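Chemist: sequence isn't available, so here's the structure alone:
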């Protein structure tokens, strides 16, 4: 039995944040019924065509789910949702601001009708405050919380290369739903959950807020660390780059002695402590790269490993896919999609004795007829709704 077997999740979801949260629940055994618009479904289906004609985002986020097409603006479609919610344990939605209230599926309304329901709302900026009705996408939230101001180079800001605000909100939504289910098991009561991209990514920015209390925000330092040195890319003698990270003065001494063959460098007043190393970052970079000039990047990495200094090479995405660590830990599984089988990596949290579901990625509306039949809706009605555009 999987951990969430017997839990039914109904989700009116699109894009990244809510689908990311519900996919975690589905992989743990929950039944996730994904409600999509009949005229195209989740708009993430159209983001790209990189997976044999399918969207890479959609394939990543929507395995192990059932797809039900439903026009929630039509009374019949809304009635089907009500019947599903009466049976559901969890409801997740990330509709545009104000849409849930117009449909009557906002958390307060649902909790009044279904006291045992865990109702999770994922939004851009939260349900209250001056930004509550403002649309938000990942880049815009990265900008609002200040992430862009500290990411990039001295010359130009840069957004994170993945949907970090959406992923953060999805992770907090997932953990909050699990927490609410645990509470319900003790009390019998559901819960209303309010998660926003702004709050989620803002939590991840708190170290920067503390850093800035002295008056100056963390500088943009490219691939280097703004407040720890040496921590970042260093060029070896063959011109290739090695990434290394030193976390404390003991490691700095060991780096100088065992890797750089320059023990006197550890006592140099400019580099003796981390704040001093950060202050003299340019001189530090030059000193380290001068010492590495006699070795290739591969030889440098071997010396760093032998000395117990954390290091890495910058892989491409293709290098990651072929990473020996993934192969050694048996991380790959094959999942089915409407365009054929594709590989997917197992969820990162491994639970002893629990195999993740890793089910199919659904075609739009694939489970509509089966779910409606389960609700007792006759075939003639289903066909009429299909002709009308309700499903």
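Modeler: Yep, it's here. In this text, all values refer to a predicted model and were calculated from it rather than measured experimentally. Numbers count the residues shown, from 1 in each chain.
Chemist: domains in this protein, by residue range?
Modeler: 8-204+333-388, 231-312 (automatic domain parsing).
Chemist: let me see the confidence value for the residue most central in space within the chain.
Modeler: Central residue of the chain (Cα atoms, centre = their mean): residue 167, 2.4 Å from the mean position. If you check residue 167, the pLDDT there is 97.
Chemist: how far away is the residue lying farthest from the centre of the chain from residue 287?
Modeler: Residue farthest from the centre of the chain, counting by Cα atoms, centre = their mean, is residue 264 at 44.1 Å. Remark: distance between residue 264 and residue 287 (Cβ to Cβ, to the nearest Å) = 11 Å. (Glycine included, C-beta is placed from N, CA and C.)
Chemist: wait, is residue 180 part of a helix?
Modeler: Yes. The assignment for residue 180 by DSSP: H, G, I helix; E, B strand; the rest coil puts it in a helix.
Chemist: against residue 25, how distant is it?
Modeler: 12 Å.
Chemist: between the two, tell me which one has more neighbours.
Modeler: Taking other Cβ atoms under 10 Å, residue 180 and residue 25 do not tie; residue 25 has more neighbours (27 against 21).
Chemist: what is the neighbour count of the closest residue to the more buried one other than its chain neighbours?
Modeler: Distances taken as Cβ to Cβ, 6 or more residues apart in numbering place residue 9 nearest to residue 25, at 5.5 Å, with adjacent residues excluded. Around residue 9 there are 24 other residues, counting by other Cβ under 10 Å.
Chemist: likewise residue 208?
Modeler: Count around residue 208 with other Cβ under 10 Å applied: 17.
Chemist: ditto for the one 3 residues further on
Modeler: Residues contacting residue 211 under the criterion other Cβ under 10 Å number 15.
Chemist: quick check: it touching residue 218?
Modeler: Yes. At 5.2 Å, residue 211 counts as touching residue 218 under the criterion of Cβ atoms under 8 Å.
Chemist: what is in contact with those two at once?
Modeler: Residues touching both residue 211 and residue 218 (Cβ atoms under 8 Å, 6 or more residues apart in numbering) are 226-227.
Chemist: settle this for me: residue 293 is touching residue 239, isn't it.
Modeler: No. With contact defined as Cβ under 8 Å, residue 293 does not count as touching residue 239 (10.3 Å).
Chemist: which neighbouring elements make contact with the host helix or strand of the residue nearest to residue 25?
Modeler: If you go by DSSP states H and E, residue 9 is part of strand 8-12. Under the contact criterion of 3 or more Cβ pairs under 8 Å, 6 or more residues apart in numbering; DSSP states H and E, strand 8-12 touches helix 17-27, strand 31-36, helix 75-87, strand 90-93.
Chemist: on that earlier part again, can you give me the neighbour number for the closest residue in space to the residue farthest from the centre of the chain that isn't next to it in sequence?
Modeler: Excluding the flanking residues, the one nearest residue 264 by Cβ to Cβ, 6+ apart is residue 256, at 7.7 Å. Residues near residue 256, counting by other Cβ under 10 Å, number 22.
Chemist: measure residue 256 to residue 268 for me?
Modeler: 9 Å.
Chemist: what is the burial count for residue 24?
Modeler: Counted with other Cβ under 10 Å, residue 24 comes out at 23.
Chemist: wait, doesn't residue 228 sit right on residue 244?
Modeler: No. Residue 228 is beyond contact range of residue 244, at 11.3 Å (criterion: Cβ under 8 Å).
Chemist: read off the pLDDT value for residue 170.
Modeler: On the pLDDT scale, residue 170 gets 97.
Chemist: go on, residue 16?
Modeler: Residue 16 carries a pLDDT value of 97.
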